[in-house]
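Undergrad: Only the shape, not the letters, is given here:
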Ligand code: ZN
């Protein structure tokens, strides 16, 4: 089975469509949360996500935008965007977002999905040091996570060696892919990166494809029409910083 894994789309329709155009054929979609918040197309992106996917975990922005949580932990820009999004979303989409499940969930054997981490859905896991204890305690060998908007693999080998590395792309331009072979006796946390608001210095939209039979992960980076997404953010009256950061990839 080939699984398309998307995370942190953040209401960026241009980025989502570019990822879907670039993706190979797949059997299923796992969506790791933060469907909405920040971008200017929350309804369109929620509609598309619902059409695509049956397996979701909720993100902190899905909770805040649908009123499951308050805006206490949000910075002012994220808070403004969440309030704007809450106003825009249809009742049906608000209800869908409110009912998204809390991670971790395990859609297939040996795999779990979380937004932040298995021990806290809102935890940021960036470095090998953050991941070490989580990997040691992991209930399954392969955890897919989002939340940081950084495309990355964190792993713990049988000998206790921990590693953290980004995909090895040959070029920072155009559509790129990078492969990661899933080895036995190794525990992994893998982040597909953010579709709609990358923060790893690469503004291209990010996702991955997991081939369960081949035990192979393929990371993708895909250029998209950033200018169009930015113009929509300006036109919506959302904070300008949300548009500017798209071209910076931070
Ligand atoms: Zn996010």
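TA: In hand now; what should we look at? The structure presented is a predicted model; accordingly, all values stated were derived computationally and were not measured.
Undergrad: so residue 112, which of the three states?
TA: strand (DSSP: H, G, I helix; E, B strand; the rest coil).
Undergrad: helices or strands up against the lengthiest helix in the chain?
TA: Counting by DSSP state H, the longest helix found in the chain is helix 76-88. In terms of contacts (3 or more Cβ pairs under 8 Å, 6 or more residues apart in numbering; DSSP states H and E), helix 76-88 is packed against helix 42-52, helix 60-66, helix 241-248. Placement of C-beta: from N, CA and C, glycine included.
Undergrad: And the contacts of the helix or strand following it?
TA: Going down the chain from helix 76-88, the next helix or strand is helix 91-98, by DSSP states H and E. The set of residues external to helix 91-98 that reach it, using Cβ atoms under 8 Å, 6 or more residues apart in numbering, is 35-36, 42-43, 46-47, 50, 58, 62-63, 65-68, 86, 89.
Undergrad: and helix 91-98, average pLDDT?
TA: Regarding helix 91-98, the rounded mean pLDDT is 98.
Undergrad: buried sites along it?
TA: Neighbour counts over helix 91-98 (16 or more other Cβ atoms under 10 Å) mark 93, 94, 96, 97 as buried.
Undergrad: now that helix: how far from the chain's centre is it?
TA: Put simply, helix 91-98 sits 19 Å off its chain's centre (Cα atoms, centre = their mean, to the nearest Å).
Undergrad: For the protein, which residues are neighbours of the ion?
TA: 8, 34 (Cβ under 5 Å from the ion).
Undergrad: residue boundaries of the strands in the chain?
TA: 2-6, 28-31, 55-56, 111-113, 142-144, 152-156, 162-165, 176-181, 187-191, 205-211, 216-222 (DSSP state E).
Undergrad: and the nearest residue to residue 205 once chain neighbours are set aside, how many neighbours?
TA: Sequence neighbours aside, residue 15 is the residue nearest to residue 205 in space, at 4.0 Å (criterion: Cβ to Cβ, 6 or more residues apart in numbering). Under the neighbour criterion other Cβ atoms under 10 Å, residue 15 is assigned a count of 32.
Undergrad: Do I have it right that residue 15 meets residue 196?
TA: Yes. In terms of Cβ atoms under 8 Å, residue 15 counts as a neighbour of residue 196; the distance is 4.6 Å.
Undergrad: circling back to that earlier point, from the helices and strands packed on helix 76-88, which stretch is densest packed?
TA: The highest mean neighbour count among these, using mean count of other Cβ atoms under 10 Å, belongs to helix 60-66: a mean of 25.
Undergrad: which strands and helices sit next to it?
TA: helix 76-88, helix 91-98.
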